[in-house]
Structure formats: structure tokens, C-alpha cells
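# The sequence and its predicted three-dimensional model are supplied below.
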Amino acid sequence: MRTQQDFDQAFPVQVKLPVQWGDMDAFGHVNNTVYFKYFETARLAYFDAVGVMADMQQAQLGPILAETQAQFKRPLVFPDEVLTGANVLEHHAYGFLMQYGVYSLQQQAVTTVGTGRIVMVDYNSGQKVQPKASLIDAINQLQATHAGA
């Protein structure tokens, strides 16, 4: 992924965020923990786009982040704006694997990529559950619609 066009093709859901002065650390670049907040923002926007948030309110079935990782390719500094994106790479019995990206508008480059393993949980029982067919359908439709764009 080298260009914004590549980034746009990879991520059907994107959120534009400002780099905040307070996000920087003593070394003069955005602290590594902030990238996970960027990922979270994209993840929640993706969940909203496929109806997870509404289902969480109604049925108490929702996602838990079971595992996450990031690869830092370039540092971010203030001032800048970033596009943070999310997509689903794989489906699993109790959830799915998401991919995230952060694209610097100032640098015109991808600065960070990562993944997050999502497990669906019944919040009433605390047990993992299989994703509803309607959620899988919504994810597949979003991904397919984006791929055809």
C-alpha cells in the first residue's frame, strides 16, 4: 500500500482525524499508544456501518478485541491529519480478523498498518458466540460494495 488510492481500495470505512499536539511524546512524534486509538476509531466506525452497535444495544451481543498488533512504518508529527481505515480480512467461528491502516495526508504515505482479532460475546453470559448471519451478510456486502467501487 503506497498511495492514497491503494489505501482507499483497501479500507471501505475511513475516518479523518487530526494529529493532536498532545499525542506526541518526548521524542517528538506521535506516541505508539495513540495508533491503537486511531485503530479503535476506525473499528467502531466499521462496526457502526455493519450494525454491530445497534445489535449491541438490542441483544447485548457485541465484539471484544481479543488481540491486536501494529507495524509502524513512518512517524507522525503535529500538525497533520490522518485517514484511519478498517476492513475485515477473515471470518472465524466466533468472530473475524480486522485490518487497520493510518495514512498521513501531510506525508502522502501509509504510516501504520495493523490487525485486530475480534470475538463476538454475549454480554449477559460472558460467553463467546458465533456472529449472527445478518452481521456476516452486512460485512460481506460492505466489502463487496467497496471492492466494486
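Thanks, I have the structure now. Nothing here was measured: the structure is a model prediction, and the numbers come from that model. Numbers count the residues shown, from 1 in each chain.
# For T41, give its distance to N87.
T41 is 14 Å from N87, where distance means Cβ to Cβ, to the nearest Å. Backbone N, C-alpha and C define where each C-beta goes, glycine included.
# Counting neighbours, what do you get for V88?
20 (other Cβ atoms under 10 Å).
# show me what contacts it?
Y46, F96, L97, M98, Q99, I139, Q143 (Cβ atoms under 8 Å, 6 or more residues apart in numbering).
# Would you tell me what helix or strand the nearest residue to L65 once chain neighbours are set aside is located in?
In this structure, L65 finds its nearest non-sequential neighbour in G116, 5.4 Å apart by Cβ to Cβ, 6 or more residues apart in numbering. For G116, the host element (DSSP states H and E) is strand 109-122.
# Would you mind identifying the next helix or strand past that strand?
Taking DSSP H and E, what comes next after strand 109-122 is strand 127-128.
# ok now the strand holding G116, how far from the chain's centre?
5 Å (Cα atoms, centre = their mean, to the nearest Å).
# which secondary structure elements does that strand contact?
helix 32-49, strand 61-72, strand 81-92, strand 95-104, strand 127-128 (3 or more Cβ pairs under 8 Å, 6 or more residues apart in numbering; DSSP states H and E).
# Quick check: buried residues in that strand?
Of all the residues in strand 109-122, those buried under the rule 16 or more other Cβ atoms under 10 Å are 109-121.
# Show me where the chain dips below the pLDDT cut-off.
For the chain, residues meeting the criterion pLDDT under 70 lie at 148-149.
# Can you check what angle separates the strand holding G116 from strand 61-72?
150 degrees (axes from the mean of the first three to the mean of the last three Cα atoms, to 10 degrees).
# could you check the angle helix 32-49 makes with strand 109-122?
60 degrees.
# relative to strand 95-104, how tilted is strand 109-122?
Using the same axes, to 10 degrees: strand 109-122 against strand 95-104 is 150 degrees.
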